[in-house]
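J.: one predicted model, sequence on top.
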Amino acid sequence: MLDFKITEDTSGQGATGGLYDVIIVGGGPAGLTTAIYASRDGMKTLVLERETTGGLAATTELIENYPGFPDGINGMDLMERFRVQAERFGTEVVEFEEVSSVKPVSPGLIEVQTDGGTAYQGKTVVIATGSRPKKLGIPGEDEYYGKGVSYCATCDGPFFKGKTVIIIGAGNSGLQEGLPVLEYAKQVTFIEFLPYSRAEQILQDRVRSHEKSAMLFNYRVTEIRGDSTVTGVVAVDRATNEEHLFPADGVFIYVGYTPYTRFVSDLVELNRWGYIESDAHMRTKVPGLYAIGDVRADNPAQLSVSVGDGTKAALDIREYIQNLK
Amino acid sequence: MGLLDQETTTRVKNMLADLPAAVKLVVFTDDRHCEYCTEIVQLVTEVAATTDLVSVEIFEIHRDADKARDLHIERAPALAIVGERDYGLRFYGIPSGYEFSTLLHGIHSAGHGHAHLDTQTKAYLDGLKVPVDYQVFVTPTCPYCPRAAVLAIEMAVHSDLVNANIVESAEFPDLANRFSVMGVPLTVINGKERVEGAAPAHMVVDAMRRAMA
């Protein structure tokens, strides 16, 4: 079935400018939730998004554990609703706008600079940049990116109709994203480093019961091979130390995520994995600067938690701004 | 029943309300074989119905071969977005899913006739001496793709020597195979230099430099 999404609202031609109450960097579920609350509360709210809004949630084919949708909902559709809801209350959204730096100027004034050379001023800034799929860092991974190696099954799955696919990582993301691939690929093999899967049982059951799926545990993937495109994956059985070559036309990599913090890493406190430390109200150590969603330390990367983070930040921002006066 | 629901139609109307100049959507269908030709005609008609400034022309690629040649269109379904000038904006396949946004961006850019690009990119484009063939392969389910497609549109609007050909990969497997497309977005400059992913403008400029070296 055809659908038609408006992810970029060109009518606004970006932002109206001036001093914002809240500038939210990142238009995923956490950022859009803060936007919904803040703009509904009458605050002048801006969302800056480096790609299109929706974040990682938008690349999930079917979200089944977000309350209120008993039959599940397509990630893209759900995120579209978040955005429409935020805009309804006056949130301004600028897409394809990558933030290069965040600079506290004075109490109640933080400047946000973008790669495109625009500067925005906000009384508060919320970092909701989420995380990006992690790379394995093995030979062949970069070389064959776009030539069979992919980090987005929703985007690239259609190229592997009737083909042999390997999905590296049998956690929640790997299995969740692998399920739709199973529908059209010839064979899908999941290779997991651990001796077991940490994915939800329901996902494991679905994958295991699928006739075209296979699961390999306790394998360390060491190389992606190919000629002009991917031809296979080399992995070592960690129990026996034996090396195996698994032929494949496509490789999808789901081995976790890294937080996206390059533009604030010298400003805020990061934990040892690079996630931003914030308190129970989502405040970082910089007054007026908040961190929410997947980019925040100790966040389990769940949609409902991101929504909660976004709500908490918005509530605290209201108080913070009132105290500025 | 319409392809666009009421809410989407209203948003399209708002987005196109400030068009300063007329935009023509020229559609090429193919009577011999075409999966989404009916839908693409319906889609552009529904979009055009939201404003007086957008009009639609429909041609059949074989019957109207001269017209297709004039617009450098070799396959269908194709859509040329033509503003006051023809900036070379072409969409191959139906702009559905995330690509619907790209279509709207294309209409908006063609109507306004100016691009949002950084100064270095504009300076590079201003110095071009020969035409650049700019292709972006996309799929409708790819949230990263509009970023790559929109960059092509911006560059094409800025420079008369750059065109923007956005190709829905699933509808044109021959093209996707020819360029070994296995991941989107994929930008191909002059048929040879590839940029994988939603890359920033300077990476595409580098690819243009390599393609012309």
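T.: Now that the structure is in, tell me what you want to look at. Residues are numbered from 1 along each chain as shown, chains lettered A, B, ... in the order given.
J.: where does residue 46 sit: helix, strand or coil?
T.: All of this refers to chain A. Taken by DSSP: H, G, I helix; E, B strand; the rest coil, the conformation at residue A:46 corresponds to strand.
J.: show me what contacts it?
T.: Contacts here follow CB atoms under 8 Å, 6 or more residues apart in numbering or on different chains; on that basis residue A:46 touches A:15, A:20, A:22-24, A:91-94, A:120, A:122. C-betas here are computed from N, CA, C, even on glycine.
J.: ranges for the helices of the stretch 51-200 of chain A?
T.: A:75-88, A:153-156, A:172-184 (DSSP state H, counting those that start in this stretch).
J.: okay, these in a markdown table with distance to chain B next?
T.: Converted to a markdown table, the helices of the stretch 51-200 of chain A look like this (distance: least, CB to the nearest CB, whole Å):
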| stretch | distance to chain B |
| --- | --- |
| helix A:75-88 | 7 |
| helix A:153-156 | 4 |
| helix A:172-184 | 10 |
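J.: I'd like the ones you listed as a markdown table, with mean pLDDT and mean neighbour count appended.
T.: Conversion of the helices of the stretch 51-200 of chain A to a markdown table gives the following (pLDDT from 0 to 100; neighbours: other CB atoms under 10 Å in any protein chain shown):
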| stretch | mean pLDDT | mean neighbour count |
| --- | --- | --- |
| helix A:75-88 | 91 | 20 |
| helix A:153-156 | 88 | 24 |
| helix A:172-184 | 91 | 21 |
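J.: tell me which of the ones you listed sits nearest to residue A:319.
T.: helix A:75-88 (20.6 Å; CB to CB).
J.: want to throw the helices of the stretch 51-200 of chain A into a markdown table with distance to residue A:275?
T.: Shown next, in a markdown table, are the helices of the stretch 51-200 of chain A (distance: least, CB to CB, whole Å):
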| stretch | distance to residue A:275 |
| --- | --- |
| helix A:75-88 | 22 |
| helix A:153-156 | 25 |
| helix A:172-184 | 17 |
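J.: what parts of the stretch 51-200 of chain A come near chain B?
T.: A:51-52, A:54, A:58-59, A:76, A:84, A:95-96, A:98, A:115-117, A:145-150, A:152, A:154-160 (CB under 8 Å from any CB of the partner chain).
J.: now restrict those residues to buried residues only.
T.: Among these, the ones that count as buried by 16 or more other CB atoms under 10 Å in any protein chain shown are A:51-52, A:54, A:58-59, A:76, A:84, A:95-96, A:98, A:115-116, A:145-150, A:152, A:154-160.
J.: name the residue of the stretch 201-325 of chain A with the shortest distance to chain B.
T.: Distances between the stretch 201-325 of chain A and chain B by CB to the nearest CB are smallest at residue A:229, namely 6.1 Å.
J.: how about the helices in chain B?
T.: Taking DSSP state H to define them, one finds helices in chain B at B:6-16, B:37-48, B:65-70, B:99-112, B:119-126, B:145-158, B:173-178, B:201-212.
J.: adding distance to chain A, write those helices out as TSV.
T.: Listed next are the helices of chain B as TSV, based on distance: least, CB to the nearest CB, whole Å:
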stretch	distance to chain A
helix B:6-16	4
helix B:37-48	6
helix B:65-70	24
helix B:99-112	4
helix B:119-126	8
helix B:145-158	5
helix B:173-178	7
helix B:201-212	9
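J.: of the ones you listed, which is nearest residue A:241?
T.: Per CB to CB, nearest to residue A:241 of those: helix B:173-178, 39.6 Å.
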